[in-house]
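Q: Sequence first, predicted model second:
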Amino acid sequence: MKYKKISQFIPWILPTLLLGQTTVLEEILVTHNVEKKTNSIEIDLSKAKQNQVNSLPELFKNNTSVEVGGGAINVQRIYFRGIESSNLTISLDGAKQGKNMFQHRSNELGINSDLLKAVDVKTSPDASIGAALAGSIIMTTKDAQDFARNHQQYGGIFKTGFNTNADVVHGNLTAYHIFNENIGAYISMSGVNSHNYKDGNNNEEIATAYHDRDYLFKLSMLDVNDHDLRVMINQNENSGDSRWRGTEFRPLPSELERIVSSTTNYTLQHTYNPNPLVNLHTHLNLTDIMLDRQEVHKEYENRTVGAKVQNYFDFDILSTPNRASVGIGFEKEQGKGSFDPHNLDKAITKYSDTHLKNQAIFIQNKTTMDALNISYGIRFDDYEFETGLGKATDSTFSPNVGIEYAFSQDSLVYANYAKSSRMSGIIPFTWLTNIKKDAVYSSNLEAEKSVKYEIGYNYIRKNTFFKEDSMSFDVNVFQTIIKDLIVSKDVNCGTGVCGSGEGGRTLQDIYNRSEDFKSKGFELKLSYLYDIFLSSFSYTQIKTNATNSDTNGVANINEDQNIRRVGGYDSKKFIWNTEVEFSNTLTVDYSLNAVAGTKVLDSNNQAINRSGYTTHDISSKYKPSRNSSWTFYAAIHNLTNKQYANATTISTKNQADVYRYEMGRDFRFSLKYEF
């Protein structure tokens with residue numbers, strides 16, 4: 001038995017280590033300064049491989065800051081610190097991801113996670129990231145050079161596996177070529193075929209089967225006369241039989257239809273860095289989201305074109321280091337689809353494409369004065385938002401400031417304050433194309449805005465109990481307030497209260513909601529590492545004001561936009577993760593995930609108690625030898641076959657205690673061969 005000594009890397013990995021979320025060395029992009037990231041979460045992608053995740057929402061499963069609800073992949077929603085991901089900025093190599101398509105959130109975050117170099121969930125303020133009302137999820141794909149083994153010029157990776165619960169079969173084939181010391185390219189094809197899964201009581205969850213296909217090509221030219229150039233083309237397609245008009249629990253087969261959603265990304269990233277004062281980053285991207293209702297011959301499309309140019313300056317003023325960046329950004333979005341009004345609304349409805357344009361300029365700086373780091377910046381956004389109700393314009397200034405102060409080499413305190421804005425709103429773009437004739441905005445439409453606060457303490461110490469062991473502790477308190485939410489009002493009104501567009505009803509108004517949405521809470525994280533043993537604990541408690549603010553209990557108007565597209569309910573979540581590396585070839589990991597019961601709104605907008613739950617997962621990775629081309633993975637998810645549903649999963653219409661349960665016990669096996 002040979003023990004792997006990794007303690008020399010502890011100062012880098014433990015600041016973001018919670019629940020086994022170790023930052024793998026190949027996932028770090030080193031620029032000029034290596035920083036402790038006290039206000040971001042870097043997902044451990046090597047652990048994701050060992051857990052055999054089949055979708056990107058599963059990446060966040062063992063994280064107390066994140067909740068994933070919905071069950072079926074086409075209705076899954078991610079909630080970060082109580083805020084639904086419609087309010088996050090999500091990007092893949094700079095290309096904007098995720099869009100509210102229709103009643104569900106369809107095709108969110110579609111890519112094979114094995115191709116990702118890093119997934120960084122940011123809570124800290126950054127003026128260069130627009131539309132981040134509640135934070136950002138930044139995904140970066142690998143370069144061809146990351147696949148090369150033993151300096152070989154070309155090769156490939158084959159991976160396949162099987163999951164027992166839903167009879168899932170998945171596979172991936174990646175081929176790469178390193179043309180010279182600077183240029184490489186690869187192409188990858190992945191697929192997942194899943195049947196309906198079964199819950200903890202062995203009940204089949206109807207409409208959870210799906211097919212997923214992912215294709216990616218990337219060309220990387222690195223370190224050529226101070227230039228880096230990356231070109232990426234990616235397409236993800238998700239298909240399955242689903243219910244268009246709601247997220248009902250076990251719908252009838254006659255209510256299902258074939259829905260195919262696809263996201264295609266084109267990105268070009270260029271960096272020129274000849275000296276500390278010229279570090280120019282240029283990003284061009286296009287994201288095209290398509291939704292095809294094949295049986296009724298209706299298609300919908302949302303296309304976003306974006307560009308950002310940003311230069312970093314590294315300089316000293318009176319021996320005080322600074323890292324400043326100045327940049328501009330541009331984004332243009334168009335949504336279009338079929339004329340698809342409700343039967344009762346055809347005579348009063350007109351069709352119109354939707355358009356959004358955003359132009360921005362920003363500056364961000366970080367100043368280091370001995371033990372004190374101060375980050376500060378400001379962003380100016382100019383918006384145009386056009387629907388069948390007319391054109392609305394607005395402009396905003398969004399300042400931010402962050403402070404870190406190190407009491408000693410082991411401990412520091414940090415605090416952040418930031419404002420953000422956007423004007424795309426939470427309304428599904430398929431609803432926005434059907435507008436009541438002769439209707440206009442009832443008031444001047446303003447951009448949505450948020451205010452974020454965070455304060456925390458971070459402690460890292462080596463040689464606490466044994467020589468070269470390491471322990472880290474982090475505690476933080478946070479609050480996010482979202483103001484002026486852009487919501488909709490349809491023509492289906494009762495007692496003066498209208499729905500928001502559910503059921504395909506035509507929109508008669510788009511306006512800023514007067515009620516703010518608030519999410520606040522605290523997090524505790526503790527981890528300990530010694531030689532081959534790693535254990536971590538994390539607890540997050542969140543309180544929100546997720547109340548029914550749209551319908552006031554009016555019958556047949558059930559669309560509560562809070563839980564669907566703004567934020568979740570109060571939650572208390574604890575996770576314990578332990579990993580043991582028994583040898584250089586065998587690693588075993590155990591995770592306990594405990595969530596307290598909470599009060600939720602049923603589909604009749606009445607508060608009910610939803611039970612808490614505890615689940616257990618075990619995963620393992622085995623390589624016959626350190627240099628072996630073969631890697632074997634085995635895992636058990638939901639070991640005790642627990643029957644449970646996440647609090648963020650929406651109840652069935654007019655049935656308070658009926659909702660889709662999560663997957664029961666699932667055995668997962670896969671193997672990877674590198675050649």
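A: Great, that's in hand. Remember, predicted model here, so these are calculated numbers, not experimental data.

Q: so how many other residues sit close to K525?
A: 25 (other CB atoms under 10 Å). In this view, the C-beta of every residue, glycine as well, is placed from N, C-alpha and C.

Q: who's F217 bridged to?
A: In this entry, F217 is beta-bridged to I187, I233, by DSSP bridges.

Q: Could you tell me how far it is located from A144?
A: F217 sits 10 Å away from A144, going by CB to CB, to the nearest Å.

Q: intersection of neighbour lists for these two?
A: Shared contacts of F217 and A144 (CB atoms under 8 Å, 6 or more residues apart in numbering): 185-186.

Q: Between the two, point out the one with more neighbours.
A: Comparing F217 with A144 by other CB under 10 Å, the one with more neighbours is A144, at 22 against 13.

Q: Surely that one is in contact with T174?
A: No. Contact criterion CB atoms under 8 Å: A144 and T174 do not qualify, at 9.5 Å.

Q: what do these two both touch?
A: Y186.

Q: Start from the N-terminal end of the chain and give the helices.
A: Remark: helices assigned in the chain by DSSP state H are 10-13, 45-51, 429-432, 561.

Q: mean confidence for the last one?
A: On average, the pLDDT along helix 561 is 56.

Q: For R660, give me its contacts.
A: Counting by CB under 8 Å, 6+ apart, R660 has contacts 70-72, 205, 208, 247, 249-250, 645, 649.

Q: can you pull the buried residues of stretch 376-386?
A: For stretch 376-386, the neighbour count (16 or more other CB atoms under 10 Å) marks 376-377, 379-381, 383, 385-386 as buried.

Q: Touching that stretch from outside, list them.
A: Under CB under 8 Å, 6+ apart, the answer for stretch 376-386 is 125-128, 130, 354-365, 367, 391-402, 421-425, 445, 447.

Q: Only the buried subset of these, as a PyMOL command please.
A: With 16+ other CB under 10 Å as the criterion, this PyMOL line picks the buried residues out of the contacts of stretch 376-386:
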select buried, resi 125+126+127+128+130+354+356+357+358+360+362+363+364+392+394+396+398+400+402+421+422+423+424+425+445+447
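
Q: Nearest residue to the residue most central in space within the chain in space, ignoring adjacent ones along the chain?
A: Nearest residue to the geometric centre of the chain (CA atoms, centre = their mean): I137, 4.9 Å. Nearest residue to I137, sequence neighbours excluded (CB to CB, 6 or more residues apart in numbering): I90, at 4.7 Å.

Q: Name the spans of this structure whose pLDDT lies under the cut-off.
A: Within the chain, the segments meeting pLDDT under 70 span 1-39, 42, 102-110, 246-248, 495-497, 547-563, 602-605, 652-657.

Q: List buried residues within the contacts of R660.
A: 70-72, 205, 208, 247, 249, 645, 649.

Q: and the residue nearest to I137, how many neighbours?
A: 22.

Q: and what of the one 10 residues further on?
A: Here the number of neighbours of N100 (other CB under 10 Å) works out to 24.

Q: Excluding sequence neighbours, find me the nearest residue to it.
A: Of all residues not flanking N100 in the chain, P428 sits nearest, at 4.2 Å (CB to CB, 6+ apart).

Q: just L356 next, same as before
A: E333 is the one closest to L356 (CB to CB, 6+ apart), at 4.2 Å.

Q: Could you tell me which residues make contact with that neighbour?
A: By CB under 8 Å, 6+ apart, the contact list for E333 reads 302-305, 354-357, 424.

Q: quick one: furthest residue from the center of the protein?
A: Of all residues in the chain (CA atoms, centre = their mean), L318 lies farthest out, 40.8 Å.

Q: OK, contacts around that one?
A: With CB under 8 Å, 6+ apart, L318 has no contacts at all.

Q: circling back: now distance to V491 too, for the contacts of R660, in TSV please.
A: Output for the contacts of R660, formatted as TSV (distance: CB to CB, whole Å):
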residue	distance to V491
G70	28
G71	31
A72	30
E205	34
T208	33
T247	23
F249	28
R250	31
A645	33
T649	29
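
Q: Pull the most distant pair out of these.
A: G70 and R250 (14.2 Å; CB to CB).

Q: how far away is the residue nearest to I137 from D120?
A: Applying CB to CB, the value for I90 to D120 is 11 Å.

Q: joint contacts of the two?
A: Overlap of the contact sets of I90 and D120 (by CB under 8 Å, 6+ apart) consists of 137, 139.

Q: I figured the residue nearest to I137 was touching Q97, is that so?
A: Yes. Using CB under 8 Å, I90 makes contact with Q97 at a distance of 4.3 Å.

Q: For M369, see how far away L318 is.
A: 10 Å.

Q: Which residue, other than its chain neighbours, is closest to G521?
A: I542 (3.8 Å).

Q: Contacts only, for the one you found.
A: With CB under 8 Å, 6+ apart, I542 has these contacts: 81-82, 519-521, 568, 570-572.

Q: dump the residue contacts of A207.
A: 72, 196, 240-243, 250-251, 256.

Q: Buried subset of the residues you listed as a PyMOL selection?
A: Buried residues within those, by 16+ other CB under 10 Å, are selected in PyMOL with:
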select buried, resi 72+196+240+241+242+243+251+256
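
Q: For V224, state which of the contacts of A207 is nearest.
A: G240 (43.9 Å).

Q: Could you give the number of residues near the closest residue to that closest one other than its chain neighbours?
A: Distances taken as CB to CB, 6+ apart place Y210 nearest to G240, at 3.8 Å, with adjacent residues excluded. If you count neighbours by other CB under 10 Å, Y210 ends up with 23.

Q: partner residues bridging Y210?
A: Taking DSSP bridges as the rule, Y210 bridges to S194.

Q: Next, the contact list for it, please.
A: Taking CB under 8 Å, 6+ apart, one finds 72-74, 192, 194, 238-240 in contact with Y210.

Q: Looking at the residues you listed, which is nearest K159?
A: Closest to K159 out of the contacts of Y210 is V192 (11.7 Å), distances taken as CB to CB.

Q: Tell me how far the spatially closest residue to G70 that is not a sequence neighbour lies from D226.
A: Closest residue in space to G70, ignoring its immediate chain neighbours: Q76 at 4.2 Å, by CB to CB, 6+ apart. Using CB to CB, one gets 42 Å for the distance from Q76 to D226.

Q: So between these two, which is more surrounded?
A: Shown here are Q76 and D226; by other CB under 10 Å, Q76 has more neighbours (23 against 13).

Q: what are the phi and psi angles of the more buried one?
A: With angles defined as degrees, to the nearest 10, Q76 sits at phi -70, psi 140.
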